[in-house]
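Peer 1: Structure here, sequence nowhere to be found:
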């Protein structure tokens, strides 16, 4: 009996189907577990941001209430009022916008100029100069910080000025590297065509390279903007009046001047984080693409 | 007559130079301004910092004191304490976060493209908020009273309240804990890109040999992702050796120097006590350590991965 059933072709098919079914079920169960885990982890990483949002709408008594309120029972904008009136959020926000925008434009412009030269032009010393730039990336920022501070504050007298805030970020080797990586993937044939048509070198750059490099410029621009918006240390050193502080510096000084006012701090954190989250959600595609440009190929 | 000789040779070189400029002048014009700014804002400060590290710096007058700054630091207890804190922080965060990133990427890889994009974006999102913002949020979450979120959560599970940042035993660990949650997005994206580049044929061959999931992971996926892992390791170590914002905003290096990192100590020496020479020496030691570690990692961990 036993022997017969094993060799029975009908039974064999049934057995195969059963095996197949089992494999598919395992796969389904596996995928479900994966999805559950990923969703949980995503929620987990959002907890700090959600807690920030929830706390920012609580009034001073609700924030320390026992038992704690996970969501504010009576949401108010009091905390926002404090960060704007006691802190000076409007001015910090404006300063950050100005500094981040101007720095980004200048930085991307220089990076695209140099990136073009390093990727598409051939000249004596090109590789040497590029390696000099690149090796400077290994040096931590703290090393150059003190002389830079003396240069900008004492020599150039730029303390508490927008120019002082912008000046050291005008050129960054990382941006040049990213632009070089991106531009080497552009076709050289159009550049040659431009030369044959007696286009000037700058004309080639402006009329042929820049339009082709737009996606790369967008990626670099977005990353640079977010970077400058979130930058803390340099603006912290170079400003000492409340009206010149950028958002990050303002928030930090508010923390030390109003030690226990967590509601207002969270309201300030919302003002700092939400614009960047909106930028990210709107330009997600560029962010996700941009991360791999500089890293993997390098 | 001697003048004409030099005249002609000068003329010769002048013509050469003109030709050279005609050929390459534009190329240098493209990099001239960025390179000039690089010289002024990176190279000049670098050289000055090096000189300053051998000086007792004063605004009006600085005097050379040889290796005194370095000697002082190497004999200083707080310097070693901060070095220890920085190393503990690095060892406790970088490898853990690389593993978290790796497993997240491993889980995202088999699911469909649309869900992939969704999770990539979700995991990346916290990274667009600044270090200061995150530090403020965590400062509030770590509040040692019963209104701090972390203590609320511990309460749900019946645990006692903790002091978190307020105790020298747990402060550094709390700051490390903060890095485990969120901020893996860019690493996940890098891993996924690299995983997509591994040829399917390798897995098919392994399937024929009836290799287990674990052995495929151990023998194919992990070794072939080594370049990405190395990149994340090097950049991770460089970053964590310079950790500053979290300790500045949350603990000011305390309590009792428990969270004083090298970067924080440099800040204190430079901009609270205005000991620019000492701080420069400190920064050079930090830079030296970072470069040595990067080179070692590169040497011992990079292998030619080709597929």
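Peer 2: Nice, thanks for sending it over. As the structure is a computational prediction, the values presented were derived from the model and not from experiment. Residues are numbered from 1 along each chain as shown, chains lettered A, B, ... in the order given.
Peer 1: Name all residues that make contact with whichever residue of the stretch 151-298 of chain A sits closest to chain B.
Peer 2: Scanning the stretch 151-298 of chain A for the residue nearest chain B gives residue A:230, at 3.4 Å (criterion: C-beta to the nearest C-beta). No exception for glycine: its C-beta is placed from N, CA and C like everyone else's. Counting by C-beta atoms under 8 Å, 6 or more residues apart in numbering or on different chains, residue A:230 makes contact with A:248, A:272, A:276, B:128-133.
Peer 1: any idea how far residue A:224 is from it?
Peer 2: 11 Å (C-beta to C-beta, to the nearest Å).
Peer 1: and if you look at residue B:136?
Peer 2: For residue B:136, the distance to residue A:224 (C-beta to C-beta) stands at 24 Å.
Peer 1: For the two, indicate the residue with more neighbours.
Peer 2: The neighbour count for residue B:136 versus residue A:224, taken as other C-beta atoms under 10 Å in any protein chain shown, is higher for residue B:136 (27 against 23).
Peer 1: For chain A, tell me whether the helix or strand harbouring the more buried one is touching it.
Peer 2: Using DSSP states H and E, residue B:136 falls within helix B:131-141. Yes: contact of helix B:131-141 with chain A is found when judged by C-beta under 8 Å from any C-beta of the partner chain, involving B:131-134, B:136-141.
Peer 1: tell me the mean pLDDT for that helix?
Peer 2: Throughout helix B:131-141, pLDDT has a mean value of 92.
Peer 1: what's the answer for stretch A:175-183, then?
Peer 2: For stretch A:175-183, mean pLDDT rounds to 89.
Peer 1: same thing with stretch B:170-177?
Peer 2: Stretch B:170-177 carries an average pLDDT of 92.
Peer 1: cool, stretch A:154-165 as well?
Peer 2: Mean pLDDT, computed over stretch A:154-165, is 91.
Peer 1: Low-confidence stretches in the stretch 151-300 of chain B?
Peer 2: The stretch 151-300 of chain B contains no residues with pLDDT under 70.
Peer 1: which parts of it sit against chain A?
Peer 2: Neighbours of chain A within the stretch 151-300 of chain B, by C-beta under 8 Å from any C-beta: B:152, B:181-184, B:186, B:189-190, B:193-194, B:228, B:231, B:238, B:241-242, B:244-245, B:248-249, B:263, B:266, B:270-271, B:276, B:279-280, B:282-284, B:286-287, B:290-291, B:294.
Peer 1: try 6 Å
Peer 2: Contact residues (C-beta under 6 Å from any C-beta of the partner chain) of the stretch 151-300 of chain B with chain A: B:152, B:181-182, B:186, B:189-190, B:193, B:231, B:242, B:245, B:249, B:263, B:266, B:270, B:276, B:279-280, B:283, B:286-287, B:290-291.
Peer 1: OK, contacts around residue B:100?
Peer 2: Residue B:100 makes contact with residue B:184, according to C-beta atoms under 6 Å, 6 or more residues apart in numbering or on different chains.
Peer 1: Beyond the helix or strand where it lies, next helix or strand please.
Peer 2: Using DSSP H and E, residue B:100 maps to helix B:77-108. Toward the C-terminus, helix B:77-108 is succeeded by helix B:113-124 as the next helix or strand (DSSP H and E).
Peer 1: Any idea which residue of the stretch 51-200 of chain B lies closest to chain A?
Peer 2: Closest point on the stretch 51-200 of chain B to chain A, by C-beta to the nearest C-beta, is residue B:130, at 3.4 Å.
Peer 1: Nearest residue to that residue in space, ignoring adjacent ones along the chain?
Peer 2: Distance criterion C-beta to C-beta, 6 or more residues apart in numbering or on different chains; nearest residue to residue B:130, sequence neighbours excluded, is residue A:230 at 3.4 Å.
Peer 1: Do you know the pLDDT at that neighbour?
Peer 2: Predicted confidence (pLDDT) for residue A:230: 93.
Peer 1: So it versus residue A:100, what's the distance?
Peer 2: Distance from residue A:230 to residue A:100, by C-beta to C-beta: 9 Å.
Peer 1: again, but for residue A:222
Peer 2: 11 Å.
Peer 1: and if you look at residue B:42?
Peer 2: In terms of C-beta to C-beta, residue B:42 sits 21 Å off from residue A:100.
Peer 1: Could you do residue A:278 as well?
Peer 2: From residue A:278 over to residue A:100 the distance is 14 Å, taken as C-beta to C-beta.
Peer 1: Ok, residue A:189 next?
Peer 2: 37 Å.
Peer 1: Of the two, which one has the most company?
Peer 2: For residue A:189 versus residue A:100, neighbours defined as other C-beta under 10 Å are more numerous around residue A:100 (24 against 8).
Peer 1: just checking, the more buried one is part of a strand?
Peer 2: No: counting by DSSP: H, G, I helix; E, B strand; the rest coil, residue A:100 is not part of a strand but helix.
Peer 1: Show the contacting residues for it.
Peer 2: For residue A:100, the contacting residues are A:225, A:228-229, by C-beta under 6 Å, 6+ apart.
Peer 1: Can you get me a residue count around residue 63?
Peer 2: Since no chain was named, I'll use chain A. 24.
Peer 1: actually chain B
Peer 2: 10.
Peer 1: quick one: it and residue B:57 touch, right?
Peer 2: No: with contact defined as C-beta atoms under 6 Å, residue B:63 does not reach residue B:57; the gap is 8.9 Å.
Peer 1: got any residues that touch both of the two?
Peer 2: Residues touching both residue B:63 and residue B:57 (C-beta under 6 Å, 6+ apart): there are none.
Peer 1: Chain neighbours aside, what residue packs nearest to residue B:291?
Peer 2: Using C-beta to C-beta, 6+ apart, the closest residue to residue B:291 is residue A:138 (5.5 Å).
Peer 1: Local confidence estimate at the one you found?
Peer 2: Note on residue A:138: pLDDT of 83.
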